[in-house]
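Enquirer: Let's see this in three dimensions:
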Amino acid sequence: MNLALVRPAGGRRRCGRGLAAFLLIAGLAFAGLDAMPQLGGSLAMAANANPSGLPIPRFVSLRSNEVNLRTGPGLTYPIDWIYKRDGMPVEVIEEFDTWRKIRDWQGTEGWVHQSMLDGKRDFVITGERRTMRLAPEMDARPAARLEPGVVGQLFECDAIWCRAEVQGYRGWLKREWFWGTYPNETF
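Expert: Predicted coordinates for the structure are as follows:
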């Protein structure tokens, strides 16, 4: 399998009493902003804005062989996962400043910095072994056989088939065989 998802040593994050008290006080102070209509309203609008102006949700891919998935949008939040696969497709489901909340093909969610994401369209094979075809037809000659978890790049999709490349092999895949596009999306 080409994908690797690694949990850092130490497992789940732990909060000491000092940090827990700080977070409680900071939370109460932030909650008090609701009592100030001018400041609270504009701050709430800024948090809900879509900083990139791009549609949400949308598919993108990981830009590096090591991408930290954090529990929140910032460097102070603990790392929950480390992705070890350049080009893996992910779905952007939320934005905050320069941080993007993503979901992977297995449903794991967390925050990554926008610099770790690439706009190119990739896919991951799901289910069972799939046959990439030389033409968008079930009886077309095979181009390659792809195991579950294999990642490749998408170039175009119609309602049923997508033109793709995996490790130098080019061909067509039925969109139901992989994760990385929306059901009625064409490009």
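
Enquirer: give me the beta-bridge partners of Cys157?
Expert: Cys162 (DSSP bridges).

Enquirer: An error on my part: the question was meant for Tyr169.
Expert: According to DSSP bridges, beta-bridge pairing links Tyr169 with Val166.

Enquirer: Does it touch Val150 like I think?
Expert: No. Using CB atoms under 8 Å, Tyr169 is not in contact with Val150, being 10.3 Å away. For glycine as for every other residue, the C-beta is placed from the backbone atoms N, C-alpha and C.

Enquirer: who's more crowded, those two?
Expert: Val150 (21 against 15; other CB atoms under 10 Å).

Enquirer: Can you give me the neighbour number for the residue nearest to that one when sequence neighbours are not counted?
Expert: Once flanking residues are discounted, Val150 sits nearest to Ile125: 4.7 Å by CB to CB, 6 or more residues apart in numbering. Close neighbours of Ile125, defined as other CB under 10 Å, add up to 25.

Enquirer: Tell me which residues touch Ile125, please.
Expert: By CB atoms under 8 Å, 6 or more residues apart in numbering, Ile125 lies in contact with 146-152, 177-178.

Enquirer: and the nearest residue to Gly180 once chain neighbours are set aside, helix, strand or coil?
Expert: Counting by CB to CB, 6+ apart, Gly180 lies nearest to Phe123, which is 3.4 Å off, once chain neighbours are set aside. Secondary structure state of Phe123, per DSSP: H, G, I helix; E, B strand; the rest coil, is strand.

Enquirer: thinking again about what came up before, for the residue nearest to Val150, give the beta-bridge partners.
Expert: Bridge pairing for Ile125 - DSSP bridges - gives Phe178.
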